[in-house]
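In: Sequence first, then the predicted structure:
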Amino acid sequence: MPVPTTFRGLAWALVMTWMIGGGVAASVAALVVLILLHSLYRRRMLLPLKDLIGFTKRVGQGDLSQSAPLHRQDEVGELAAAFNHMVGRLRQSRDELVLLLHEAQEANRLKSQFLANMSHEIRTPMNGVLGFTDLTLQTQLSEEQRDYLETVKDSAESLMRVIDDILDFSKIEAGRLDLNNEPFTLRACVESSTKTLAAAAAQKGLVVSGEVDPDVPDEVVGDAVRLRQVLLNLLGNAIKFTSAGAVRVRVSRMPSADQHLAAHFAVSDTGIGIPPEKQALIFEPFRQADGSTTRLYGGTGLGLAISTRLVEMMGSRIWVESEPGRGSTFHFTCRFGTTAALAAEALPEAGPPPATGPLSVLLAEDNEPSRQLVLCLLKDAGHAVTVAATGHQVLSLLERQTFDLILMDIQMPEMDGLETTAEVRRRGSQSGTRIPIVALTAHAMHGDRQRCLEAGMDGYVSKPIDAAELMAAIYRAAAARQPVLPTGS
Ligand code: ADP
(Lines give C-alpha, C1' and ligand atoms only; values in the text may rest on other atoms or scores of the structure.)
Protein backbone atom coordinates (compact mmCIF):
# COMPACT_ATOMS: atom_id res chain seq x y z
CA MET A 1 0.00 0.00 0.00
CA PRO A 2 1.51 3.40 -0.98
CA VAL A 3 2.56 5.74 1.85
CA PRO A 4 0.68 9.05 1.60
CA THR A 5 2.89 11.93 0.40
CA THR A 6 2.15 14.22 3.38
CA PHE A 7 3.26 11.52 5.83
CA ARG A 8 6.52 10.93 3.94
CA GLY A 9 7.24 14.67 3.91
CA LEU A 10 6.58 14.85 7.60
CA ALA A 11 8.89 11.93 8.34
CA TRP A 12 11.57 13.42 6.18
CA ALA A 13 11.26 16.79 7.96
CA LEU A 14 11.52 15.02 11.33
CA VAL A 15 14.67 13.18 10.26
CA MET A 16 16.19 16.40 8.96
CA THR A 17 15.31 18.31 12.15
CA TRP A 18 16.84 15.59 14.29
CA MET A 19 20.03 15.56 12.20
CA ILE A 20 20.42 19.36 12.19
CA GLY A 21 19.65 19.60 15.90
CA GLY A 22 22.23 16.91 16.64
CA GLY A 23 24.81 18.75 14.53
CA VAL A 24 24.18 22.02 16.29
CA ALA A 25 24.32 20.36 19.68
CA ALA A 26 27.58 18.67 18.74
CA SER A 27 28.98 21.96 17.53
CA VAL A 28 27.95 23.74 20.70
CA ALA A 29 29.47 20.97 22.75
CA ALA A 30 32.69 21.18 20.74
CA LEU A 31 32.73 24.94 21.23
CA VAL A 32 32.26 24.57 24.95
CA VAL A 33 35.07 22.03 25.05
CA LEU A 34 37.28 24.40 23.06
CA ILE A 35 36.56 27.30 25.39
CA LEU A 36 37.26 25.10 28.36
CA LEU A 37 40.54 23.94 26.83
CA HIS A 38 41.54 27.53 25.99
CA SER A 39 40.87 28.78 29.49
CA LEU A 40 42.75 25.79 30.89
CA TYR A 41 45.67 26.55 28.54
CA ARG A 42 45.51 30.22 29.49
CA ARG A 43 45.57 29.36 33.18
CA ARG A 44 48.33 26.78 32.89
CA MET A 45 50.58 28.35 30.23
CA LEU A 46 49.86 31.96 29.31
CA LEU A 47 49.34 33.48 32.78
CA PRO A 48 52.61 32.08 34.24
CA LEU A 49 54.44 33.22 31.08
CA LYS A 50 52.88 36.68 31.47
CA ASP A 51 54.07 36.74 35.09
CA LEU A 52 57.56 35.82 33.91
CA ILE A 53 57.49 38.56 31.27
CA GLY A 54 56.51 41.13 33.93
CA PHE A 55 59.27 39.82 36.18
CA THR A 56 61.96 40.07 33.46
CA LYS A 57 60.77 43.60 32.65
CA ARG A 58 61.24 44.66 36.30
CA VAL A 59 64.69 43.02 36.32
CA GLY A 60 65.50 44.88 33.10
CA GLN A 61 64.60 48.13 34.86
CA GLY A 62 67.19 47.35 37.52
CA ASP A 63 64.92 45.89 40.23
CA LEU A 64 66.88 42.85 41.41
CA SER A 65 65.01 42.54 44.70
CA GLN A 66 62.36 40.02 43.51
CA SER A 67 62.20 36.35 42.56
CA ALA A 68 60.06 34.70 39.87
CA PRO A 69 57.11 32.65 41.29
CA LEU A 70 58.11 28.98 41.54
CA HIS A 71 54.91 26.90 41.98
CA ARG A 72 55.26 24.53 39.02
CA GLN A 73 57.30 21.49 38.18
CA ASP A 74 57.12 21.71 34.35
CA GLU A 75 59.15 23.66 31.79
CA VAL A 76 57.66 26.99 32.90
CA GLY A 77 58.76 26.21 36.45
CA GLU A 78 62.25 25.37 35.16
CA LEU A 79 62.32 28.63 33.24
CA ALA A 80 61.37 30.55 36.40
CA ALA A 81 64.09 28.74 38.38
CA ALA A 82 66.66 29.59 35.68
CA PHE A 83 65.57 33.25 35.83
CA ASN A 84 65.90 33.26 39.62
CA HIS A 85 69.38 31.80 39.37
CA MET A 86 70.37 34.44 36.81
CA VAL A 87 68.95 37.28 38.91
CA GLY A 88 70.74 35.88 41.98
CA ARG A 89 74.06 35.99 40.10
CA LEU A 90 73.28 39.51 38.84
CA ARG A 91 72.49 40.62 42.41
CA GLN A 92 75.77 39.13 43.63
CA SER A 93 77.80 40.79 40.82
CA ARG A 94 76.09 44.13 41.46
CA ASP A 95 76.89 43.95 45.19
CA GLU A 96 80.51 43.06 44.40
CA LEU A 97 80.73 45.98 41.94
CA VAL A 98 79.27 48.42 44.46
CA LEU A 99 81.83 47.21 46.99
CA LEU A 100 84.67 47.55 44.45
CA LEU A 101 83.45 51.03 43.51
CA HIS A 102 83.49 52.11 47.15
CA GLU A 103 86.96 50.63 47.56
CA ALA A 104 88.18 52.44 44.42
CA GLN A 105 86.69 55.72 45.61
CA GLU A 106 88.30 55.27 48.99
CA ALA A 107 91.65 54.39 47.37
CA ASN A 108 91.40 57.50 45.20
CA ARG A 109 90.64 59.61 48.25
CA LEU A 110 93.59 58.09 50.13
CA LYS A 111 95.85 58.64 47.12
CA SER A 112 94.88 62.33 46.99
CA GLN A 113 95.35 62.56 50.74
CA PHE A 114 98.75 60.88 50.41
CA LEU A 115 99.73 63.32 47.65
CA ALA A 116 98.70 66.30 49.74
CA ASN A 117 100.63 64.94 52.76
CA MET A 118 103.69 64.11 50.65
CA SER A 119 103.62 67.55 49.13
CA HIS A 120 103.39 69.11 52.59
CA GLU A 121 106.00 66.87 54.21
CA ILE A 122 108.57 67.38 51.45
CA ARG A 123 108.03 71.09 51.05
CA THR A 124 108.45 71.87 54.74
CA PRO A 125 112.06 70.61 55.09
CA MET A 126 112.95 71.86 51.58
CA ASN A 127 111.79 75.28 52.72
CA GLY A 128 114.49 75.18 55.39
CA VAL A 129 117.17 73.83 53.03
CA LEU A 130 116.58 76.38 50.26
CA GLY A 131 115.85 79.34 52.53
CA PHE A 132 118.90 78.95 54.75
CA THR A 133 121.15 78.24 51.78
CA ASP A 134 120.02 81.56 50.33
CA LEU A 135 120.59 83.35 53.60
CA THR A 136 124.04 81.81 54.07
CA LEU A 137 124.96 82.80 50.51
CA GLN A 138 124.34 86.41 51.52
CA THR A 139 126.97 86.21 54.30
CA GLN A 140 130.79 86.48 54.14
CA LEU A 141 132.04 83.22 52.60
CA SER A 142 135.26 81.94 51.14
CA GLU A 143 135.27 81.17 47.41
CA GLU A 144 135.23 77.46 48.17
CA GLN A 145 132.33 77.70 50.63
CA ARG A 146 130.29 79.79 48.18
CA ASP A 147 130.96 77.22 45.49
CA TYR A 148 129.81 74.35 47.68
CA LEU A 149 126.71 76.22 48.77
CA GLU A 150 125.79 77.12 45.17
CA THR A 151 125.95 73.39 44.45
CA VAL A 152 123.70 72.66 47.45
CA LYS A 153 121.23 75.24 46.16
CA ASP A 154 121.27 73.86 42.59
CA SER A 155 120.76 70.33 43.87
CA ALA A 156 117.91 71.37 46.17
CA GLU A 157 116.23 73.23 43.33
CA SER A 158 116.58 70.21 41.02
CA LEU A 159 115.07 68.03 43.71
CA MET A 160 112.13 70.43 44.05
CA ARG A 161 111.58 70.33 40.27
CA VAL A 162 111.52 66.52 40.27
CA ILE A 163 109.11 66.48 43.23
CA ASP A 164 106.89 69.07 41.56
CA ASP A 165 106.87 67.05 38.31
CA ILE A 166 105.91 63.82 40.09
CA LEU A 167 103.19 65.54 42.08
CA ASP A 168 101.89 67.36 39.01
CA PHE A 169 101.78 64.16 36.98
CA SER A 170 99.97 62.30 39.76
CA LYS A 171 97.47 65.14 40.08
CA ILE A 172 96.79 65.11 36.34
CA GLU A 173 96.42 61.30 36.34
CA ALA A 174 94.02 61.51 39.29
CA GLY A 175 92.01 64.16 37.42
CA ARG A 176 92.65 66.60 40.23
CA LEU A 177 94.25 69.36 38.23
CA ASP A 178 92.00 72.18 37.08
CA LEU A 179 93.03 75.14 34.99
CA ASN A 180 92.58 78.74 36.03
CA ASN A 181 90.79 81.16 33.76
CA GLU A 182 92.11 84.58 34.56
CA PRO A 183 93.27 87.57 32.55
CA PHE A 184 97.02 87.84 32.04
CA THR A 185 99.58 89.49 29.79
CA LEU A 186 100.77 87.03 27.16
CA ARG A 187 103.93 88.96 26.32
CA ALA A 188 104.88 89.23 30.01
CA CYS A 189 104.37 85.48 30.39
CA VAL A 190 106.67 84.69 27.43
CA GLU A 191 109.22 87.25 28.57
CA SER A 192 109.32 85.97 32.15
CA SER A 193 109.81 82.38 30.88
CA THR A 194 112.79 83.32 28.70
CA LYS A 195 114.24 85.51 31.46
CA THR A 196 114.00 82.71 34.01
CA LEU A 197 116.19 80.48 31.82
CA ALA A 198 118.48 83.19 30.40
CA ALA A 199 121.17 82.57 33.03
CA ALA A 200 121.22 78.78 32.43
CA ALA A 201 121.45 79.43 28.66
CA ALA A 202 124.22 82.02 29.07
CA GLN A 203 126.28 79.48 31.02
CA LYS A 204 126.31 77.33 27.87
CA GLY A 205 126.93 80.33 25.61
CA LEU A 206 123.39 80.17 24.20
CA VAL A 207 121.05 83.05 23.48
CA VAL A 208 117.39 82.69 24.38
CA SER A 209 114.92 84.97 22.68
CA GLY A 210 111.14 85.35 22.69
CA GLU A 211 109.05 86.98 20.00
CA VAL A 212 105.30 87.56 19.94
CA ASP A 213 103.86 88.66 16.58
CA PRO A 214 102.33 92.17 16.64
CA ASP A 215 98.83 90.91 15.74
CA VAL A 216 98.66 88.72 18.88
CA PRO A 217 96.62 90.59 21.53
CA ASP A 218 98.43 91.35 24.74
CA GLU A 219 95.56 90.68 27.09
CA VAL A 220 94.24 87.14 27.13
CA VAL A 221 92.28 84.95 29.52
CA GLY A 222 93.62 81.55 30.50
CA ASP A 223 96.00 79.85 32.93
CA ALA A 224 99.25 81.86 32.93
CA VAL A 225 100.94 79.56 35.45
CA ARG A 226 100.36 76.40 33.41
CA LEU A 227 101.24 78.09 30.11
CA ARG A 228 104.49 79.23 31.71
CA GLN A 229 105.08 75.68 32.95
CA VAL A 230 104.81 74.31 29.39
CA LEU A 231 107.08 77.07 28.03
CA LEU A 232 109.67 76.51 30.78
CA ASN A 233 109.68 72.77 30.09
CA LEU A 234 110.18 73.21 26.33
CA LEU A 235 112.74 75.99 26.74
CA GLY A 236 114.53 74.04 29.50
CA ASN A 237 114.78 70.98 27.22
CA ALA A 238 115.93 73.12 24.29
CA ILE A 239 118.75 74.57 26.40
CA LYS A 240 119.58 71.17 27.91
CA PHE A 241 119.94 69.45 24.52
CA THR A 242 121.74 72.30 22.71
CA SER A 243 125.43 72.98 23.04
CA ALA A 244 125.82 75.79 20.49
CA GLY A 245 123.52 78.18 18.68
CA ALA A 246 120.24 79.65 19.81
CA VAL A 247 116.95 78.83 21.46
CA ARG A 248 113.92 80.75 20.34
CA VAL A 249 110.23 80.94 21.17
CA ARG A 250 107.82 82.49 18.73
CA VAL A 251 104.11 83.13 19.19
CA SER A 252 101.83 83.82 16.22
CA ARG A 253 98.11 84.24 15.80
CA MET A 254 96.02 81.53 14.13
CA PRO A 255 92.63 81.96 12.47
CA SER A 256 89.78 81.28 14.89
CA ALA A 257 86.13 80.61 14.05
CA ASP A 258 84.83 82.02 17.34
CA GLN A 259 85.69 84.80 19.78
CA HIS A 260 88.62 82.88 21.23
CA LEU A 261 92.18 83.75 20.40
CA ALA A 262 94.03 80.82 18.85
CA ALA A 263 97.80 81.12 19.19
CA HIS A 264 100.62 78.98 17.87
CA PHE A 265 103.78 78.59 19.96
CA ALA A 266 107.03 77.29 18.47
CA VAL A 267 110.09 76.60 20.62
CA SER A 268 113.09 75.87 18.44
CA ASP A 269 116.70 74.98 19.12
CA THR A 270 119.86 74.08 17.24
CA GLY A 271 120.62 71.05 19.40
CA ILE A 272 121.06 67.30 19.06
CA GLY A 273 117.65 66.68 17.47
CA ILE A 274 115.44 63.61 17.84
CA PRO A 275 115.41 60.57 15.50
CA PRO A 276 112.08 60.24 13.60
CA GLU A 277 111.22 56.87 15.22
CA LYS A 278 111.52 58.41 18.71
CA GLN A 279 109.47 61.53 18.04
CA ALA A 280 106.11 60.11 19.15
CA LEU A 281 107.51 58.15 22.08
CA ILE A 282 109.02 61.11 23.96
CA PHE A 283 105.53 62.48 24.79
CA GLU A 284 104.79 59.37 26.85
CA PRO A 285 105.55 59.43 30.59
CA PHE A 286 109.03 58.33 31.68
CA ARG A 287 110.18 57.88 28.05
CA GLN A 288 113.32 59.45 26.63
CA ALA A 289 114.65 59.45 23.09
CA ASP A 290 117.81 57.74 24.18
CA GLY A 291 118.47 56.07 27.54
CA SER A 292 121.98 57.45 27.59
CA THR A 293 120.60 61.02 27.62
CA THR A 294 119.42 60.41 31.17
CA ARG A 295 122.97 59.74 32.25
CA LEU A 296 124.33 62.64 30.20
CA TYR A 297 121.69 65.33 30.68
CA GLY A 298 119.55 64.06 33.58
CA GLY A 299 115.76 64.25 33.66
CA THR A 300 112.77 62.15 34.68
CA GLY A 301 111.08 61.86 31.29
CA LEU A 302 107.96 63.49 32.75
CA GLY A 303 108.25 67.05 31.42
CA LEU A 304 106.79 66.42 27.95
CA ALA A 305 104.09 64.08 29.32
CA ILE A 306 102.95 66.82 31.70
CA SER A 307 103.14 69.47 28.94
CA THR A 308 101.10 67.23 26.63
CA ARG A 309 98.36 66.81 29.23
CA LEU A 310 98.35 70.52 30.07
CA VAL A 311 98.14 71.55 26.42
CA GLU A 312 95.33 69.03 25.87
CA MET A 313 93.49 70.49 28.85
CA MET A 314 93.81 73.88 27.14
CA GLY A 315 91.97 72.38 24.17
CA SER A 316 95.03 72.06 21.95
CA ARG A 317 97.84 69.71 20.93
CA ILE A 318 101.62 69.51 20.94
CA TRP A 319 103.96 68.03 18.33
CA VAL A 320 107.59 68.09 17.27
CA GLU A 321 109.57 68.55 14.07
CA SER A 322 113.17 67.53 14.37
CA GLU A 323 116.23 66.47 12.45
CA PRO A 324 119.02 64.66 14.28
CA GLY A 325 122.10 66.84 14.51
CA ARG A 326 120.31 69.97 13.29
CA GLY A 327 117.81 70.78 16.06
CA SER A 328 114.16 70.53 17.03
CA THR A 329 111.06 72.68 17.02
CA PHE A 330 108.30 71.87 19.48
CA HIS A 331 104.95 73.31 18.45
CA PHE A 332 101.78 73.70 20.45
CA THR A 333 98.59 75.63 19.96
CA CYS A 334 96.51 77.29 22.64
CA ARG A 335 93.05 78.77 22.83
CA PHE A 336 92.61 81.78 25.08
CA GLY A 337 89.67 83.90 26.06
CA THR A 338 90.05 87.60 25.37
CA THR A 339 89.11 90.54 27.52
CA ALA A 340 89.47 94.28 27.32
CA ALA A 341 89.42 94.66 31.09
CA LEU A 342 92.79 93.26 32.04
CA ALA A 343 93.57 93.66 35.72
CA ALA A 344 97.09 95.04 35.88
CA GLU A 345 97.94 92.91 38.90
CA ALA A 346 96.80 89.66 37.28
CA LEU A 347 100.37 88.58 36.67
CA PRO A 348 102.94 88.99 39.40
CA GLU A 349 105.58 89.67 36.74
CA ALA A 350 103.71 92.82 35.73
CA GLY A 351 105.70 94.78 38.31
CA PRO A 352 106.57 94.79 41.99
CA PRO A 353 103.89 95.95 44.42
CA PRO A 354 104.62 99.19 46.25
CA ALA A 355 106.89 98.75 49.27
CA THR A 356 105.53 100.05 52.56
CA GLY A 357 107.39 101.21 55.66
CA PRO A 358 108.45 98.82 58.44
CA LEU A 359 105.55 96.61 59.44
CA SER A 360 104.64 94.94 62.67
CA VAL A 361 104.09 91.31 61.65
CA LEU A 362 102.57 88.47 63.66
CA LEU A 363 104.07 85.20 62.42
CA ALA A 364 102.03 82.06 63.20
CA GLU A 365 104.33 79.10 62.51
CA ASP A 366 104.93 75.94 64.54
CA ASN A 367 107.85 74.54 62.54
CA GLU A 368 111.12 75.80 64.03
CA PRO A 369 113.30 75.97 60.86
CA SER A 370 110.50 77.66 58.89
CA ARG A 371 109.97 80.12 61.74
CA GLN A 372 113.67 80.98 61.88
CA LEU A 373 113.82 81.45 58.14
CA VAL A 374 110.86 83.86 57.96
CA LEU A 375 112.15 85.70 61.02
CA CYS A 376 115.50 86.27 59.29
CA LEU A 377 113.87 87.36 56.03
CA LEU A 378 111.48 89.79 57.70
CA LYS A 379 114.04 91.24 60.08
CA ASP A 380 116.48 91.73 57.20
CA ALA A 381 113.74 93.69 55.43
CA GLY A 382 113.34 95.90 58.53
CA HIS A 383 110.06 94.53 59.88
CA ALA A 384 109.25 93.77 63.52
CA VAL A 385 108.12 90.20 64.11
CA THR A 386 106.19 88.56 66.96
CA VAL A 387 105.96 84.79 66.87
CA ALA A 388 103.03 82.52 67.75
CA ALA A 389 103.22 78.72 67.55
CA THR A 390 99.49 77.95 67.72
CA GLY A 391 96.18 79.45 66.68
CA HIS A 392 95.27 80.08 70.32
CA GLN A 393 98.45 82.11 70.80
CA VAL A 394 97.53 84.17 67.73
CA LEU A 395 94.13 85.01 69.21
CA SER A 396 95.47 85.92 72.64
CA LEU A 397 98.26 88.09 71.13
CA LEU A 398 95.69 89.93 69.02
CA GLU A 399 93.73 90.77 72.19
CA ARG A 400 96.75 92.53 73.66
CA GLN A 401 98.60 93.97 70.69
CA THR A 402 97.92 95.44 67.26
CA PHE A 403 99.73 94.20 64.17
CA ASP A 404 99.90 95.37 60.57
CA LEU A 405 99.71 91.86 59.17
CA ILE A 406 99.58 88.14 60.05
CA LEU A 407 101.60 85.47 58.27
CA MET A 408 99.63 82.31 58.93
CA ASP A 409 100.86 78.73 58.60
CA ILE A 410 97.98 76.34 57.85
CA GLN A 411 99.00 73.12 59.56
CA MET A 412 99.34 74.00 63.24
CA PRO A 413 98.50 71.95 66.34
CA GLU A 414 95.22 72.44 68.24
CA MET A 415 93.73 75.05 65.92
CA ASP A 416 94.85 75.18 62.30
CA GLY A 417 95.43 78.32 60.24
CA LEU A 418 92.03 78.18 58.51
CA GLU A 419 90.13 77.91 61.82
CA THR A 420 92.27 80.65 63.35
CA THR A 421 91.62 82.93 60.37
CA ALA A 422 87.87 82.32 60.62
CA GLU A 423 87.98 83.27 64.32
CA VAL A 424 90.14 86.36 63.65
CA ARG A 425 87.66 87.47 60.99
CA ARG A 426 84.70 86.83 63.30
CA ARG A 427 86.23 88.90 66.10
CA GLY A 428 87.39 91.57 63.62
CA SER A 429 83.92 92.07 62.22
CA GLN A 430 82.72 92.75 65.80
CA SER A 431 85.44 95.28 66.53
CA GLY A 432 85.45 96.89 63.06
CA THR A 433 89.06 96.00 62.14
CA ARG A 434 90.35 93.86 59.32
CA ILE A 435 93.95 92.80 59.61
CA PRO A 436 95.52 91.41 56.41
CA ILE A 437 96.36 87.70 56.64
CA VAL A 438 98.76 85.97 54.25
CA ALA A 439 98.88 82.16 54.18
CA LEU A 440 102.36 80.74 54.43
CA THR A 441 102.02 77.08 53.78
CA ALA A 442 103.42 73.86 52.42
CA HIS A 443 99.88 72.98 51.30
CA ALA A 444 100.58 73.64 47.65
CA MET A 445 98.07 71.36 45.96
CA HIS A 446 95.50 72.69 43.58
CA GLY A 447 92.62 74.25 45.50
CA ASP A 448 94.69 75.11 48.60
CA ARG A 449 95.08 78.75 47.55
CA GLN A 450 91.34 79.01 46.96
CA ARG A 451 90.61 77.39 50.33
CA CYS A 452 92.86 79.96 52.09
CA LEU A 453 91.22 82.90 50.31
CA GLU A 454 87.76 81.53 51.07
CA ALA A 455 88.70 81.25 54.75
CA GLY A 456 89.25 85.02 54.78
CA MET A 457 92.94 85.35 53.93
CA ASP A 458 94.25 88.04 51.59
CA GLY A 459 97.30 86.36 50.10
CA TYR A 460 99.02 83.00 49.74
CA VAL A 461 102.68 82.03 49.62
CA SER A 462 103.65 78.39 49.21
CA LYS A 463 106.74 76.70 50.68
CA PRO A 464 109.58 76.46 49.84
CA ILE A 465 109.37 80.21 50.30
CA ASP A 466 110.71 82.45 47.60
CA ALA A 467 111.93 85.56 49.47
CA ALA A 468 110.86 87.97 46.71
CA GLU A 469 107.46 86.31 46.44
CA LEU A 470 106.96 86.53 50.21
CA MET A 471 107.84 90.24 50.29
CA ALA A 472 105.60 90.93 47.29
CA ALA A 473 102.66 89.16 48.98
CA ILE A 474 103.27 91.03 52.24
CA TYR A 475 103.43 94.45 50.54
CA ARG A 476 100.41 93.70 48.39
CA ALA A 477 98.32 92.64 51.38
CA ALA A 478 99.53 95.57 53.51
CA ALA A 479 98.86 98.08 50.71
CA ALA A 480 95.34 96.76 50.22
CA ARG A 481 94.59 97.09 53.96
CA GLN A 482 91.09 98.49 54.45
CA PRO A 483 89.13 99.43 57.55
CA VAL A 484 85.97 97.44 58.15
CA LEU A 485 82.99 99.76 57.89
CA PRO A 486 80.50 99.57 60.75
CA THR A 487 77.53 97.43 59.83
CA GLY A 488 74.68 99.43 58.36
CA SER A 489 76.88 102.28 57.04
P1 ADP B 1 113.36 64.88 30.48
O2 ADP B 1 113.87 66.06 29.72
O3 ADP B 1 113.21 65.14 31.93
O4 ADP B 1 114.06 63.61 30.16
P5 ADP B 1 111.00 65.27 28.88
O6 ADP B 1 109.69 64.57 28.93
O7 ADP B 1 110.97 66.74 28.99
O8 ADP B 1 111.86 64.62 30.01
O9 ADP B 1 111.71 64.86 27.54
C10 ADP B 1 111.72 63.51 27.14
C11 ADP B 1 112.84 63.23 26.18
O12 ADP B 1 112.59 63.89 24.94
C13 ADP B 1 114.19 63.75 26.61
O14 ADP B 1 114.81 62.85 27.52
C15 ADP B 1 114.92 63.80 25.29
O16 ADP B 1 115.35 62.50 24.91
C17 ADP B 1 113.83 64.22 24.33
N18 ADP B 1 113.84 65.70 24.09
C19 ADP B 1 112.97 66.59 24.60
N20 ADP B 1 113.24 67.84 24.15
C21 ADP B 1 114.30 67.72 23.33
C22 ADP B 1 115.04 68.66 22.55
N23 ADP B 1 114.75 69.97 22.51
N24 ADP B 1 116.07 68.18 21.82
C25 ADP B 1 116.37 66.86 21.83
N26 ADP B 1 115.71 65.92 22.54
C27 ADP B 1 114.69 66.35 23.29
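Out: Yep, that arrived. Numbering: from 1, shown residues only.
In: Need the residues that contact the host helix or strand of L397.
Out: Secondary-structure assignment from DSSP states H and E places L397 in helix 391-400. Contacts of helix 391-400 with the rest of the structure, by C-beta atoms under 8 Å, 6 or more residues apart in numbering, involve 362, 364, 386, 388, 403, 406, 408, 412, 414-417, 419-420, 423-424, 427, 435. Quick note: C-beta positions are derived from backbone N, CA and C, even for glycine.
In: Helices - which of those land there?
Out: Among the contacts of helix 391-400, the members found in helices (DSSP state H) are 417, 419-420, 423-424, 427.
In: picking that back up, now the helix holding L397: average pLDDT?
Out: Averaging the model's pLDDT scores along helix 391-400 yields 91.
In: what does stretch 212-230 give?
Out: Taken as a whole, stretch 212-230 carries a mean pLDDT of 90.
In: And stretch 165-176, by the same measure?
Out: Across stretch 165-176, pLDDT averages out at 76.
In: wait, does it contact the ligand?
Out: No. Figure legend: stretch 165-176 not in contact with the ligand (C-beta under 6 Å from any ligand atom); closest approach 7.7 Å.
In: And that stretch, what's buried?
Out: Within stretch 165-176, the residues that qualify as buried are 165-172, 176, counting by 16 or more other C-beta atoms under 10 Å.
In: Then stretch 419-430?
Out: Neighbour-count burial for stretch 419-430 flags 420-421, 423-425, 428 (criterion: 16+ other C-beta under 10 Å).
In: just stretch 434-447 next, same as before
Out: Judged by neighbour count using 16+ other C-beta under 10 Å, the buried positions of stretch 434-447 are 434-445.
In: for stretch 376-383, same thing?
Out: By neighbour count with 16+ other C-beta under 10 Å, stretch 376-383 contains the buried residues 376-378, 381, 383.
In: so what's the residue in the stretch 1-150 of the chain positioned nearest to the ligand scoring on pLDDT?
Out: Of all residues in the stretch 1-150 of the chain, the one sitting closest to the ligand is I122 (18.8 Å; C-beta to the nearest ligand atom). I122 is assigned a pLDDT of 84 by the prediction.
In: which residues touch it?
Out: Counting by C-beta under 8 Å, 6+ apart, I122 touches I163.
In: Make 329 the starting number, not 1.
Out: Will do, 329 is the new start, and the previous item becomes I450.
In: For it, I want the exact helix or strand it lies within.
Out: Per DSSP H and E, I450 falls inside helix 403-465.
In: Any buried residues in stretch 563-579, and which?
Out: Burial within stretch 563-579, assessed by neighbour count using 16+ other C-beta under 10 Å, is assigned to 563-570, 573, 575-579.
In: Identify, from these, the entry nearest to K791.
Out: Taking C-beta to C-beta as the measure, K791 sits nearest to G564 out of the buried residues of stretch 563-579, at 22.6 Å.
In: How about that closest one: what's its closest non-neighbour residue?
Out: The shortest distance from G564 to any residue other than its chain neighbours is 6.2 Å, reached at L525 (C-beta to C-beta, 6 or more residues apart in numbering).
In: For the one you found, which residues are in contact?
Out: Here L525 is in contact with 536, 560, 563-564, 567 (C-beta under 8 Å, 6+ apart).
In: Equivalent analysis for S759, please.
Out: By C-beta under 8 Å, 6+ apart, the contact set of S759 is empty.
In: where does the stretch 529-678 of the chain dip in pLDDT?
Out: In the predicted model of the stretch 529-678 of the chain, residues 619-626, 667-678 satisfy pLDDT under 70.
In: Tell me which stretches of it form helices.
Out: Shown for the stretch 529-678 of the chain, the helices assigned by DSSP state H, counting those that start in this stretch span residues 552-568, 619-625, 631-641.
In: would you list these in JSON lines and tack on distance to V544?
Out: As requested, those are arranged in JSON lines below (distance: least, C-beta to C-beta, whole Å):
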{"stretch": "helix 552-568", "distance to V544": "13"}
{"stretch": "helix 619-625", "distance to V544": "32"}
{"stretch": "helix 631-641", "distance to V544": "17"}
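In: Please identify the most buried of those helices.
Out: Ranked by mean neighbour count under mean count of other C-beta atoms under 10 Å, the helices of the stretch 529-678 of the chain are led by helix 552-568, which reaches a mean of 22.
In: Give me the helices and strands touching it, please.
Out: For helix 552-568, the elements it packs on are helix 514-531, strand 574-582, strand 589-597, helix 631-641, strand 655-666, judged by 3 or more C-beta pairs under 8 Å, 6 or more residues apart in numbering; DSSP states H and E.
In: Make CSV out of the buried residues of stretch 704-711 and add secondary structure, pLDDT and distance to the ligand.
Out: Output for these, formatted as CSV (DSSP: H, G, I helix; E, B strand; the rest coil; pLDDT from 0 to 100; distance: C-beta to the nearest ligand atom, whole Å):
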residue, secondary structure, pLDDT, distance to the ligand
C704, helix, 88, 34
L705, helix, 88, 32
L706, helix, 89, 36
A709, coil, 85, 36
H711, coil, 89, 40
